[in-house]
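Student: Okay, here's the prediction I keep looking at, along with the sequence it came from:
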Amino acid sequence: MDIPEKQTFADLKKQEQNARRDVIIDAAERVFGVKPFHKVNIRDIAGEAGISHATIYRYFPDQQTLFMEAFLRGVEEILTRIDAIAANNPSGNLLEAVVADFIDFLTQKDHYFRMMTHFMLDGELAPDLVEKLNNAARDLLNRLEAIFAAGHTTENPRAMARALFAAINGVLISFRNYPGRDRQAIFDHMQFLGKLIARRFS
């Protein structure tokens, strides 16, 4: 007979705290997905999560911190997806596959794209949050740099990684709300442009 793994009340309390924290971040993602950052307040997120706004402050000191935690969750998912593509696509066109997946992710999960553009265009953050954001950006750019360093270019891998990141975001910003086309047509067009970019960068 298997002996149950030892678990204390402290463990259960920690699990409950983590679960509540996740519920708050989930709610924040949904709210940030439909409202611009500067129009979202803690009461909006509390209402979405079905809790009091005072409860949120037990887990997050302010709106910026909560916004950052929600955004970092998206970055972690992107990094996991890139790692999976790299592991499962050793001989194919890795750069093309990564670009296609990046466009797919930020199209399907539009709230992460909105968060990212907020940071790019008008986000002012506390110094500790800026450092978190910079670390997340470095992790992503390092993944792209490693792809270039593995033989996808004869140019400077660091510079190429940054240029590619800017080019992909340019596609997303320029065409995500392209007038006169339905969502599928827009998505297909962005993927087509992403493929062109990946091939030019290879």
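Tutor: Cool, got the structure. Since we're looking at a predicted model, the values are computed, not measured. Numbering: from 1, shown residues only.

Student: Distance from the worst-scoring helix or strand of the chain on mean pLDDT to the middle of the chain?
Tutor: Ranked by mean pLDDT, DSSP states H and E, the helix or strand of the chain with the weakest confidence is helix 110-121, at a mean of 80. In this view, helix 110-121 has its centroid 9 Å away from the chain centroid, taken as C-alpha atoms, centre = their mean, to the nearest Å.

Student: Report the buried residues of it.
Tutor: Buried residues in helix 110-121, counted by 16 or more other C-beta atoms under 10 Å: H111, Y112, F113, R114, M115, M116, T117, H118, F119. (C-beta placed from N, C-alpha, C; glycine too.)

Student: just stretch 42-56 next, same as before
Tutor: I42, D44, I45, A46, E48, A49, I51, I56.

Student: ok, back up a step: want to try JSON lines for the buried residues of helix 110-121, with distance to V130 as columns?
Tutor: Compiled in JSON lines, these are given as follows (distance: C-beta to C-beta, whole Å):
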{"residue": "H111", "distance to V130": "21"}
{"residue": "Y112", "distance to V130": "19"}
{"residue": "F113", "distance to V130": "20"}
{"residue": "R114", "distance to V130": "19"}
{"residue": "M115", "distance to V130": "15"}
{"residue": "M116", "distance to V130": "15"}
{"residue": "T117", "distance to V130": "17"}
{"residue": "H118", "distance to V130": "14"}
{"residue": "F119", "distance to V130": "9"}
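
Student: domain assignment for the chain?
Tutor: Annotated domains of the chain cover 1-60, 63-201 [automatic domain parsing].

Student: Out of these, which one sits most buried?
Tutor: domain 63-201 (a mean of 16; mean count of other C-beta atoms under 10 Å).

Student: Span of that one from start to end?
Tutor: Criterion C-alpha to C-alpha, to the nearest Å; first-to-last residue distance in domain 63-201 is 38 Å.

Student: Ok, stretch 46-59 next?
Tutor: Termini of stretch 46-59 sit 12 Å apart (C-alpha to C-alpha).

Student: hang on, the earlier thing: worst mean pLDDT among the domains of the chain?
Tutor: Of all the domains of the chain, the minimum mean pLDDT falls on domain 1-60 (a mean of 85).

Student: Report the distance from that one to the chain centre.
Tutor: Counting by C-alpha atoms, centre = their mean, domain 1-60 comes out at 19 Å from the chain centroid.

Student: Give me the residues contacting stretch 59-76.
Tutor: Under the criterion C-beta atoms under 8 Å, 6 or more residues apart in numbering, residues 17, 20-21, 24-25, 28-29, 32, 37, 40-42, 45, 56, 109, 111-112, 115-116, 119, 125-126, 129, 132-133, 136, 139-140 lie in contact with stretch 59-76.

Student: Can you name the next helix or strand after the longest helix anywhere in the chain?
Tutor: Taking DSSP state H as the criterion, the chain has its longest helix at helix 63-88. For helix 63-88, the following helix or strand on the C-terminal side (DSSP states H and E) is helix 94-108.

Student: and that next one with helix 110-121, angle?
Tutor: Here helix 94-108 runs at 100 degrees with respect to helix 110-121, directions being taken by axes from the mean of the first three to the mean of the last three C-alpha atoms, to 10 degrees.
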